[in-house]
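Engineer: sharing a model prediction with you, sequence too.
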Amino acid sequence: MAKKSSSNKKILEPNSLFDEQKQRAKSVIQVLKRVFPDAKCALHHESAFQLLVATILSAQCTDERVNQSTRELFLKYPDAAALAAASQDDVERIVRPLGFFRNKAANIRGMAQGLVDRFDGEVPQDIERLISLPGVGRKTASVVLGTWFGIPSGVVVDTHVRRITNLLGLTTSQNPEIIERDLMQIVPKSEWINFSHRLIHHGRQTCIARRPKCTDCALLKYCPRTGLDPLE
């Protein structure tokens with residue numbers, strides 16, 4: 001009997017943690033909805049194609065810097081056909097301020113060519129077809145599907161989402177793929193898209209990496225501040 005009791009306890013402990021995380025996620029979602037009711041993607045775009053390009057360019061770069069470069073890029077190359085026909089040198093010149101400009105220029109040109117060759121120049125509304133394009137990973141595909149098409153294909157995990165979900169105790173991983181899987185289990189599918197948008201806004205305005213404004217944070221009641229020193 002003793003062994004059976006011990007075994008049952010081991011089974012219940014993970015479920016108890018999961019239930020706690022799920023309830024905390026529910027509370028966090030409610031607060032974020034109130035604080036950021038109209039949170040949107042910060043990348044400037046006027047089409048699914050432009051959002052796809054901007055998201056690829058945003059890797060290891062701020063949205064503000066991307067928006068500065070895409071202003072010229074989209075004026076010259078507003079669609080997949082135009083960008084596919086662009087010269088590598090000219091695209092590199094435009095995206096040079098964004099870092100890794102050679103790879104980024106090659107990726108967005110390759111992506112554009114893939115759209116032209118395989119999808120009639122249109123962005124597919126399917127994550128598997130999207131990630132088959134050069135430079136398009138799951139995160140990028142989820143951004144485009146969620147933001148432009150309203151299709152919840154996953155939870156976008158950027159640096160803000162990774163850091164804040166760890167602080168909130170919603171995950172214990174630093175791996176974006178594992179974090180996404182954890183969040184998809186405790187965040188309702190109907191909230192996947194806006195949850196990321198709102199956490200990103202929260203990370204920029206309140207839960208700032210180097211100087212979090214914990215005492216002014218609407219989520220403080222639900223945040224165990226995992227990894228931070230206790231508040232005095």
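Structural biologist: Nice, I can see it. This structure is a prediction, so every number in the text was calculated from the model and none was measured.
Engineer: how about the most centrally placed residue in the chain: what's its closest non-neighbour residue?
Structural biologist: Closest to where the C-alpha atoms of the chain average out (Cα atoms, centre = their mean) is Val156, at 2.9 Å. In this structure, Val156 finds its nearest non-sequential neighbour in Ser196, 4.0 Å apart by Cβ to Cβ, 6 or more residues apart in numbering. Where C-beta positions appear, they are placed from N, C-alpha and C, glycine not excepted.
Engineer: just checking, that neighbour touches Thr159?
Structural biologist: No: Ser196 is beyond contact range of Thr159, at 11.7 Å (criterion: Cβ atoms under 8 Å).
Engineer: of the two, which one has the most company?
Structural biologist: Ser196 (28 against 12; other Cβ atoms under 10 Å).
Engineer: how much space between the more buried one and Val187?
Structural biologist: 9 Å (Cβ to Cβ, to the nearest Å).
Engineer: what do these two both touch?
Structural biologist: Residues touching both Ser196 and Val187 by Cβ atoms under 8 Å, 6 or more residues apart in numbering: Val155.
Engineer: how many neighbours does Phe36 have?
Structural biologist: 18.
Engineer: oh, I was asking about Gly227
Structural biologist: Under the criterion other Cβ under 10 Å, the count of neighbours that Gly227 has is 9.
Engineer: please apply the same query to Ala106.
Structural biologist: Ala106 has 15 nearby residues by other Cβ under 10 Å.
Engineer: got it, and Ser132?
Structural biologist: 14.
Engineer: do the one 4 residues further on as well
Structural biologist: Burial of Val136 is recorded as 23 neighbouring residues (other Cβ under 10 Å).
Engineer: can you check the pLDDT for it?
Structural biologist: Val136 carries a pLDDT value of 97.
Engineer: ditto for Met1
Structural biologist: So, for Met1, pLDDT stands at 41.
Engineer: not counting its neighbours along the chain, what's nearest His197?
Structural biologist: Ala39 (4.1 Å).
Engineer: give the contact list for the one you found.
Structural biologist: 32, 194, 197-198, 200-201.
Engineer: so for the helix or strand harbouring the residue nearest to Val156, mean pLDDT?
Structural biologist: Secondary structure from DSSP states H and E places Ser196 in helix 192-205. Helix 192-205 comes out with an average pLDDT of 96.
Engineer: secondary structure class for Thr171?
Structural biologist: coil (DSSP: H, G, I helix; E, B strand; the rest coil).
Engineer: so where's the chain shaky on pLDDT?
Structural biologist: When residues are selected by pLDDT under 70, those of the chain lie in 1-14, 232.
Engineer: can you list the domains in it?
Structural biologist: Split into domains by automatic domain parsing, the chain comes to 28-38+155-222, 48-147.
Engineer: distance between the ends of the longest one?
Structural biologist: As for domain 48-147, its first-to-last residue distance stands at 9 Å under the measure Cα to Cα, to the nearest Å.
Engineer: what's the neighbour count on Leu75?
Structural biologist: Count around Leu75 with other Cβ under 10 Å applied: 9.
Engineer: and if you look at Arg162?
Structural biologist: 19.
Engineer: sorry, back to before: could you dump the contacts of Ala39 into CSV with distance to Pro176 added?
Structural biologist: Shown next, in CSV, are the contacts of Ala39 (distance: Cβ to Cβ, whole Å):
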residue, distance to Pro176
Leu32, 20
Asn194, 19
His197, 17
Arg198, 18
Ile200, 14
His201, 19
